[in-house]
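Chemist: I would like the atomic coordinates for the input below:
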Amino acid sequence: GYLRVVSISGGLVNLNNANAVSTFDGVNNNGNLIFNNTLALALDRLTVVGNVTLTNTGALTQTGSFRTNVSGTTSLSVGANAITLTAPLSAGIGNIFTGALTLSNSGANDINILGTSNYILAASNIGRSLTLSTNGTVTQTGAIVSANAGTLTVKTTNDTGSAITLTNASNEFTNVDLRARNLADSANIAAAISYTDVTGFNVNTIGTLSTVNLTANGALSDSGAITGTTLTTSSVGGTILDFGHALTGFNATNTTSGNIQLVNSTNALTVSGIAQPSTGTVTITNNGGNLTFSSALNNSYALVASSS
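Modeler: Numbering: from 1, shown residues only. Now for the predicted structure:
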């Protein structure tokens, strides 16, 4: 059934029993809201001047009639189910989570959120893949961890550029797709992108007109293009980025084992620094023009460089 709760004067709204509703409309003009539910749940409206804690044992979606607007922190937990909050923007406004956002689900289930605010991700456990799209910046206060070899997809859309900064050392995803785009989502925009992972990861796509920083406590690989200005990488066990990228600068550090390889397909490329064990090989191929090394090279490793 449908449950509507409106608190005009404020105070705590605490509905923490095992409720069984299919659609929820919750408003609290001055206080926190706690809601527990046992069925698949569609949010009709969730407008809270305070914090929200929502626990559900079914999938969480929204009807599309309203957008979510929470001024405080938000915690969404759905067990072995998906979270899909992707109602289209209304008059340019989407889901707004002003405070830290905690997400939790399990199993081979994904989380997908579309919004227009800055997103601050608190420590979150993701069943499989996480997709975030917003006009604002994306940062974090805690690790975001996929339990099932998931993909992290983050896209910001803003004509002045909204950065993606996810540099907690305990993040864990198998693949990443990170893009800073203009508001119309028709072109890349200048906004820095940074990502750190506790193991190695694969780059599906990265797009920006600014810098890209990738740090892996494992090997780095690619299956799609990286577009940006200077790419800075740090890996343990090798960096193989041979898809064909669109960069103007490269700085790479690799430790323990493995090689460093970069294939750049457009633009002249300046390599500003390479740190590589003596047992490895560094291969830089630039098919977009001149290849320049702006700092001294370490003779301990084998270097193969070519440009066209």
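Chemist: Tell me who's in contact with the residue most central in space within the chain.
Modeler: With distances taken as CA atoms, centre = their mean, Val154 lies nearest the centre of the chain, 3.9 Å away. Listed by CB atoms under 8 Å, 6 or more residues apart in numbering, the contact partners of Val154 are 131-133, 138, 164, 166, 177-179. The C-beta positions use only the backbone N, C-alpha and C, and glycine is treated the same way.
Chemist: Report the two of those separated the most.
Modeler: The distance between the two most remote of the contacts of Val154 (CB to CB) is 14.6 Å, for Ser133 and Leu166.
Chemist: For Thr279, which non-adjacent residue is spatially closest?
Modeler: Counting by CB to CB, 6 or more residues apart in numbering, Thr279 lies nearest to Ser257, which is 6.7 Å off, once chain neighbours are set aside.
Chemist: for Asp242, same thing?
Modeler: Val263 (4.6 Å).
Chemist: Could you do Thr134 as well?
Modeler: Spatial nearest neighbour of Thr134, chain neighbours left out: Gly115 (4.6 Å); criterion: CB to CB, 6+ apart.
Chemist: What of Asn204?
Modeler: Asp177 is the one closest to Asn204 (CB to CB, 6+ apart), at 4.3 Å.
Chemist: Which residue or residues pair with the one you found through a beta bridge?
Modeler: Thr153, Thr205 (DSSP bridges).
Chemist: correct me, but it touches Thr153?
Modeler: Yes. Counting by CB atoms under 8 Å, Asp177 touches Thr153, with 4.3 Å between them.
Chemist: which residues are common contacts for these two?
Modeler: Asn204.
Chemist: Assess the claim that Ser71 and Val49 are in contact.
Modeler: Yes. Between Ser71 and Val49 there is a contact under CB under 8 Å: 4.9 Å.
Chemist: Just the residues contacting the lowest-mean-pLDDT helix or strand in the chain, thanks.
Modeler: Every helix and strand of the chain was ranked by mean pLDDT, DSSP states H and E. The lowest is strand 302-307, at a mean of 87. With CB under 8 Å, 6+ apart as the test, strand 302-307 has contacts from 269, 274, 280-287, 289-291, 293, 297.
Chemist: Extract the CA atoms of that strand and return them as PDB.
Modeler: Taking C-alpha atoms only, strand 302-307 is exported to PDB below (Å, rounded to 0.1, in the frame of the first residue of the first chain):
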ATOM      1  CA  ALA A 302      64.900  -0.900 -20.500                       C
ATOM      2  CA  LEU A 303      63.200   1.900 -22.400                       C
ATOM      3  CA  VAL A 304      61.500   1.600 -25.800                       C
ATOM      4  CA  ALA A 305      60.100   5.000 -27.100                       C
ATOM      5  CA  SER A 306      58.700   5.800 -30.500                       C
ATOM      6  CA  SER A 307      56.600   8.600 -32.000                       C
END
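Chemist: Please state the offset of it from the chain centre?
Modeler: Centre-to-centre, strand 302-307 and its host chain are 33 Å apart (CA atoms, centre = their mean, to the nearest Å).
Chemist: who does it pair up with?
Modeler: strand 281-286 (parallel).
Chemist: Could you pull out the buried residues of the strand it pairs with?
Modeler: 282-286 (16 or more other CB atoms under 10 Å).
Chemist: With stretch 126-142 instead?
Modeler: 126-140.
Chemist: and Val5, which of the three is it?
Modeler: strand (DSSP: H, G, I helix; E, B strand; the rest coil).
Chemist: For it, give its distance to Leu15.
Modeler: Separation of Val5 from Leu15 (CB to CB, to the nearest Å): 7 Å.
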